[in-house]
Every structure is written in C-alpha cells, then in structure tokens.
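Novice: how would this look folded up:
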Amino acid sequence: MPRYAFAEPESDVVLRTIQTALAQWNGETLASGHIEEGGLITGYQSFSYEDIILKKPKNWRWNLTTHHRDLSLAPSLMVELKKMVPRGRTKGFDVPKYRIWICTIRREQKPLHFIWCERGLDVRAFSFLRHFVSTQVAKELKWED
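Specialist: Numbering: from 1, shown residues only. The predicted structure follows:
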C-alpha cells in the first residue's frame with residue numbers, strides 16, 4: 001500500500017485503516033452520528049452519513065490534537081482526519097486514555113463519515129460477562145479461560 005502524500009506516519013495508519021474498512025464495508029451505517037463514551041472500545045469502527053459527534057463528558061473534554069484536510073485516498077476520494085483525545089477540565093482528575101479518529105470521506109456521492117477508536121475501553125475488562133454469551137462470542141472477544 002502506498003505512503004500517502006502530505007500525511008504524517010500516524011495519519012498513514014489511519015488512512016490504511018479507512019481503506020481497509022471501506023473495502024470490507026457492507027453498506028451498514030450508524031442510525032445516528034452521536035457516539036456515547038461507553039461505545040468507545042479499542043478497535044471500534046463505524047460509518048455514518050451524519051457528522052460524527054462525540055458526547056461531551058462531565059469531568060473532561062475532547063481535545064482536537066491533529067487535523068489534516070484534503071488527503072487523497074484514491075483519485076475520487078478525499079479525506080479529512082481529526083484526532084480527538086481527552087483533556088481534563090480540572091487538575092487532579094484522571095481522564096481516560098482514548099485516541100479517537102473522526103474522518104470525513106468526500107466522494108462523488110454524499111460525504112461519508114468514519115470513526116475509529118484506536119485506543120479506548122479494553123473489552124477484556126468485561127470478561128466476567130463470558131458466562132452470558134456464546135462460546136464463539138467469548139472466543140472472539142478473547143474472554144475464554
């Protein structure tokens with residue numbers, strides 16, 4: 001896969017992630033672009049025809065740390081990347097260690113929005129729920145004993 005022009009190495013990873021997700025996309029999108037904190041599990045990816053909006057937390061805020069415009073993913077696909085991370089509102093309050101990428105893919109049809117939780121909640125922390133799911137699901141989530 002080629003290195004993308006005008007992007008930092010970190011952004012290259014995101015562009016490759018988008019390209020892979022688009023290739024595997026079955027056309028399913030989020031019913032709403034509003035994302036709750038509880039859904040931010042490491043590796044989470046989804047598409048939406050609505051803008052992606054992260055819910056505002058009570059004790060911390062979302063901070064935009066990286067913003068790239070007009071990155072070319074393909075001849076007819078231009079991408080805007082935004083990296084969001086938590087920032088404390090008050091000193092001494094621990095914030096989660098999320099790393100969220102919000103992307104807008106401009107194409108011939110209407111824009112498509114993509115969210116990727118590069119780092120979020122660790123699904124293994126919920127392994128105590130393995131008794132309430134099928135063996136197959138427990139294996140997929142790496143919850144088996």
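
Novice: from here on, just use CA atoms for contacts and neighbour counts.
Specialist: Noted.

Novice: what about the longest strand in this protein?
Specialist: Looking across the chain with DSSP state E, the single longest strand is strand 60-74.

Novice: run through the helices of this protein in chain order.
Specialist: For the chain, applying DSSP state H gives helices covering 9-24, 135-140.

Novice: and Leu77, which of the ones you listed is closest to it?
Specialist: Proximity to Leu77, assessed across those by Cα to Cα, is greatest for helix 9-24 (10.2 Å).

Novice: for that closest one, packing partners?
Specialist: Using 3 or more Cα pairs under 8 Å, 6 or more residues apart in numbering; DSSP states H and E, no helix or strand is in contact with helix 9-24.

Novice: identify the bridge partners of the residue positioned nearest the centre of the chain.
Specialist: Most central in the chain under Cα atoms, centre = their mean is Trp116, positioned 1.5 Å from the mean C-alpha point. Here Trp116 shows beta-bridge partners Gln45, Trp101, assigned using DSSP bridges.

Novice: quick one: buried residues of the least confident helix or strand in the chain by mean pLDDT?
Specialist: Counting by mean pLDDT, DSSP states H and E, the chain has its least confident helix or strand at helix 135-140, which shows a mean of 78. Neighbour counts over helix 135-140 (16 or more other Cα atoms under 10 Å) mark Ala138 as buried.
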